[in-house]
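Student: have a look at this fold, sequence not included:
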DNA sequence: AGCTGATCATAT
DNA sequence: ATATGATCAGCT
């Protein structure tokens, strides 16, 4: 495997992501001496990691943006045959026994305030190695989008903090939602419920709804 | 068909 | 255990 260092400035990042636009997965994998899995079934995050390697993202599994010195988060986004996002986008772990922090300090805000979106052909009809990288673009939420994200985050955090975990479902939130994030439903961690009792629950994560990423791509490409 | 809940691999 | 990278698949 070939390792590439973190880009030292935005201009370097821009020239790197422009260089991968339109390329096939197989081309990038060969350049990095990386073996291509037969399918994504057992390697769901493989494309994301491929793009991280190709661009020199180096935050590991720490709760900080992928390009720490640039404060930019990298997100691949799978497109269906109509070139629309086909899946929600994972943001970060949801704290179950949360201590109160404010929006600006939250990992959700820290990651979403500046994102490099990398669209990828994601339709199953096309073999993984033939799928192409779309046109990556840097994005920052608008004032209006930020207000809704903040409102969502506050609503969801309030449910977590006030022990409302048992009533919290993926139906809460306009752009942000909370869904399970674990190896399987048998993985459990302890959390206080609204009666102040410790109960077991599957670990959760924050996700961006597809409707939101769809809007982001439409703004960008005027689809 | 889209959405919610479930799941898979890997690093530390 | 818990973070990262996400997509899968059953139900409505």
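Tutor: In hand now; what should we look at? Quick caveat, the model's predicted, so the values are computed rather than measured. Numbering: from 1, shown residues only, chains lettered A, B, ... in the order given.
Student: run through who's touching the lowest-mean-pLDDT helix or strand in chain A.
Tutor: When the helices and strands of chain A are scored by mean pLDDT, DSSP states H and E, strand A:189-192 comes last with a mean of 88. Contact with strand A:189-192 is made by A:96-97, A:163, A:165, A:198-203, as judged by CB atoms under 8 Å, 6 or more residues apart in numbering. Quick note: C-beta positions are derived from backbone N, CA and C, even for glycine.
Student: list the buried residues of the helix ranked longest in chain A.
Tutor: Ordering each helix of chain A by length in residues (DSSP state H) puts helix A:143-161 first. For helix A:143-161, a neighbour-count test (16 or more other CB atoms under 10 Å) marks A:145, A:148-150, A:152-153, A:156-157, A:159-161 as buried.
Student: cool, and stretch A:6-15?
Tutor: Those would be A:6-7, A:13, for stretch A:6-15 by 16+ other CB under 10 Å.
Student: for chain A, what spans make up the helices?
Tutor: Under DSSP H, chain A gives helices at A:10-20, A:25-31, A:46-55, A:107-112, A:143-161, A:210-221.
Student: between the ones you listed, which gets nearest to DNA strand C?
Tutor: Among the helices of chain A, the nearest to DNA strand C by CB to the nearest atom of the strand is helix A:46-55 (2.3 Å).
Student: and the closest one with helix A:10-20, angle?
Tutor: Counting by axes from the mean of the first three to the mean of the last three CA atoms, to 10 degrees, helix A:46-55 points 120 degrees away from the direction of helix A:10-20.
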